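Novice: Quick check, what structure comes out for this input:
(2 chains)
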Amino acid sequence: MTAITQRRRDSLRRYFSGLALEETLSGFLFATPFVVGFSVFIAYPMIYSIVLVFQNWDLLTPPVFVGLNNITKVFRDPVANLSLYNTAFYTFLAVPVQLGISFLLAMALNQPIKGRSFYRAGFYMPMIVPVVASAVVWQRVFHPEFGLMNEVIGWFGMEPRKWLWDPALAKPAFIFMSFWMIGRQMVIFIAGLQNIPQSLVEAASIDGAGRLHQLRHIIIPLMTPIIFYNMVMAIIASFQIFAPAMLMTNGGPQNATLFAVLNIYRNAFEYYNMGYASALAWELFVIVVGFTVTQFYVSRRWVYYETG
Amino acid sequence: MNIAAKSFRPMRTAFRRPSWVRIREVAMLVALQIFMTLLVISFLVPTIWMVLSSFKASTELFVHPIKWLPDEWLWGNYVRAATVFPVGFQRFALNTLIITSAATLGTVLSSVVVAYSFARLRWPGREFFFGLLLATVMLPEVVTLVPRFIMFRNFKWVGTFLPLTAPFWFGTATFYVFLIRQFLRGIPMELEDAARIDGASRLRTLWQILMPLSKPVLATVAVFSALQHYNDFMGPLIYLNRMDTWTMALAVRSYNSQYAAQWEMIFAVSTMMLIPMVLLFIVAQRYFVRGITMTGFGGQ
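Specialist: As a prediction, the model looks like this:
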């Protein structure tokens, strides 16, 4: 006990005596922007948000304390539940296919074909298109009469569809659109593939392992940390999809594309239910963080780290 | 070992393998090349279609089968789109430029200062605050959406550019702080010590020695930060309500709802908004690639 206090006193003396004092003070000084910024723009809003959950407030009249009403409403509100269902539907169908496509593209661009940097730039290109512009374009790609999509399926003799105007096809259309936004994942996969030691692949090849065998037993195991990283980030981002839904369908038709963040936005800035919107935001927060933590926990079973 | 394996390889392919294996490999590569070309075209088609259509007459847009090139290139669509609102499109462009540059400059400067403290100075509590910083990287932002709005409303900042710029002057773009910190840790201490012995202050050492050495990472942060603020939709949507404060993103959205039938005009404003990003992408492509590789981040 005394030894610990003694050590702590020593370590404090190390920070605050002589030359070290200048370094400590500079350290505080240079970290000040973050400490202030974190407190004001991150920590305070999060704490305040908890207070809001227990209030009803429309920003005009004074806030009213309502206890747990907002929290119980979150679980009972069919619209809120639908928005979570839509978000989960989108995330769990879009993310695995995105990962698959971007991994295959990265594998292909790792082969000795000509003009690889051109392809890489081309596949990345949709990522730099402003979200508003790509929403405008995709809204028209899916146009029921004069859209590109119906034109293309027409080549294969398929009937035109109503896509964004059809409650059954609106979410699939969003998922389809998300396959164009895989440039970032692809570039990360390419970087990962280039880090695989060539000697391992060579050795397997000399031992008579075919391409598929190499992929299954060498490449994929070595890539698991990167697959995991891409998966975690893609799921966090997909759970928070907002702009395309707001711009292309405004949640319709029949709330088929009412995603969680759009529902939160509406409650806060269209219906002015600040308390209820905060409760919905916390629900989504708990789901996303819980999901991320679970993935880290499960990852111990399938992610291979060379050092571990 | 590795070198030996590499230099051994061409011999093996040249002498040991039967030629039909090589023919099959070449054929597969050619097939792959063709397939990838078709695929990359499909990735570019929506954007190209948008740009081409922005020059068409309305009548050319609503036809079967789809017409790709305009009969006549109507630059007038752009003039019409730029002047249809009482506040001209140049006002939206200027607002976007101000917000993007203020936020980007703040992100780069404050991140490098904070990162310096975390990377190269020892002070009590450093590990604790660094832990907080890392925890915020994966935090879903949506939870602070409502309380932040109320806070900025109390500050009387709603309707100004401040909610979209000021937070970024405080090192709150935590991912970038982390990125720069990792880079600064790789620079040898001796370089800094020499300047310090000559009597340079911390700030001056950072400015004159460390920042020039960190150019690659700073450029990456600047490029991604600019992309993020330029493309931002939700922030301006919530905080900018008067038309003369709108960014281009809000303007495009407004065209899209008011002139829904006039595709050529909507495509024209979208193209105008896209051009600066394409230029940035062409000029700074290596920073995009390096940034994503370093960070697993980018865009969005």
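Novice: low pLDDT regions in chain A?
Specialist: By pLDDT under 70, the weakly predicted segments of chain A are A:1-12, A:306-308.
Novice: Neighbours of the residue lying closest to residue A:269 once chain neighbours are set aside, how many?
Specialist: Leaving out its chain neighbours, the residue that sits closest to residue A:269 by Cβ to Cβ, 6 or more residues apart in numbering or on different chains is residue B:238, at 6.3 Å. Yep, even glycine has a C-beta here, placed from its N, CA and C like the rest. Residue B:238 is flanked by 19 other residues according to other Cβ atoms under 10 Å in any protein chain shown.
Novice: can you pull the contacts of residue B:238?
Specialist: Listed by Cβ atoms under 8 Å, 6 or more residues apart in numbering or on different chains, the contact partners of residue B:238 are A:269, B:145, B:149, B:163.
Novice: which among the residues you listed gets closest to residue A:17?
Specialist: residue B:163 (43.2 Å; Cβ to Cβ).
Novice: Run through the residues that contact that closest one.
Specialist: Under the criterion of Cβ under 8 Å, 6+ apart, the contact list for residue B:163 reads B:148, B:152, B:157, B:235, B:238-239.
Novice: burial measure for residue 98, as a count.
Specialist: Went with chain A since none was named. 22.
Novice: hmm, I had chain B in mind actually
Specialist: One way to gauge burial is a neighbour count; for residue B:98, by other Cβ under 10 Å, it gives 15.
Novice: Which phi and psi values does it adopt?
Specialist: Here is the backbone geometry of residue B:98 (degrees, to the nearest 10): phi -60, psi -50.
Novice: Check the gap between the closest residue to residue B:144 other than its chain neighbours and residue A:98 for me.
Specialist: In space, not counting the residues next to it along the chain, residue B:144 is nearest to residue A:45; the distance is 4.1 Å by Cβ to Cβ, 6+ apart. Counting by Cβ to Cβ, to the nearest Å, the gap from residue A:45 to residue A:98 is 31 Å.
Novice: Pick out the residue in chain A sitting closest to chain B.
Specialist: With distances taken as Cβ to the nearest Cβ, chain A approaches chain B most closely at residue A:37, which sits 2.5 Å away.
Novice: does that residue sit in a helix, a strand or a coil?
Specialist: Three-state secondary structure (criterion: DSSP: H, G, I helix; E, B strand; the rest coil) places residue A:37 in helix.
Novice: lowest confidence element among the helices and strands of chain B?
Specialist: helix B:2-11 (a mean of 47; mean pLDDT, DSSP states H and E).
Novice: quick one: the next helix or strand after that helix near chain A?
Specialist: Past helix B:2-11, heading to the C-terminal end, the next element that is a helix or strand (DSSP states H and E) is helix B:19-53. Yes: using Cβ under 8 Å from any Cβ of the partner chain, helix B:19-53 reaches chain A at B:29, B:32-33, B:35-36, B:39-40, B:43-47, B:49-50.
Novice: on that earlier part again, for residue A:293, see how far away the residue nearest to residue A:269 is.
Specialist: As judged by Cβ to Cβ, residue B:238 and residue A:293 stand 29 Å apart.
Novice: does any bit of the host helix or strand of residue B:269 sit next to chain A?
Specialist: Assigning secondary structure by DSSP H and E places residue B:269 in helix B:263-283. Yes: shown here: helix B:263-283 in contact with chain A (Cβ under 8 Å from any Cβ) through B:263, B:266-267, B:270-271, B:273-274, B:277-278, B:280-281.
Novice: Take those and write them to a markdown table, including neighbour count.
Specialist: As requested, the residues of helix B:263-283 next to chain A are exported to a markdown table (neighbours: other Cβ atoms under 10 Å in any protein chain shown):
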| residue | neighbour count |
| --- | --- |
| B:263 | 25 |
| B:266 | 28 |
| B:267 | 27 |
| B:270 | 27 |
| B:271 | 21 |
| B:273 | 25 |
| B:274 | 24 |
| B:277 | 19 |
| B:278 | 15 |
| B:280 | 17 |
| B:281 | 19 |
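Novice: And these, which two are furthest apart?
Specialist: In these, two members sit farther apart than any others by Cβ to Cβ. They are B:263 and B:280, at 26.1 Å.
Novice: Report how many residues lie close to residue 184.
Specialist: Let's take chain A. Applying other Cβ under 10 Å, we find 24 residues neighbouring residue A:184.
Novice: ah, no, chain B please
Specialist: The tally of other residues near residue B:184 (other Cβ under 10 Å) stands at 22.
Novice: Check which helix or strand the closest residue to it other than its chain neighbours maps to.
Specialist: Residue nearest to residue B:184 in three dimensions, not counting chain neighbours: residue B:119, with 3.9 Å by Cβ to Cβ, 6+ apart. Element membership for residue B:119, per DSSP H and E: helix B:89-120.
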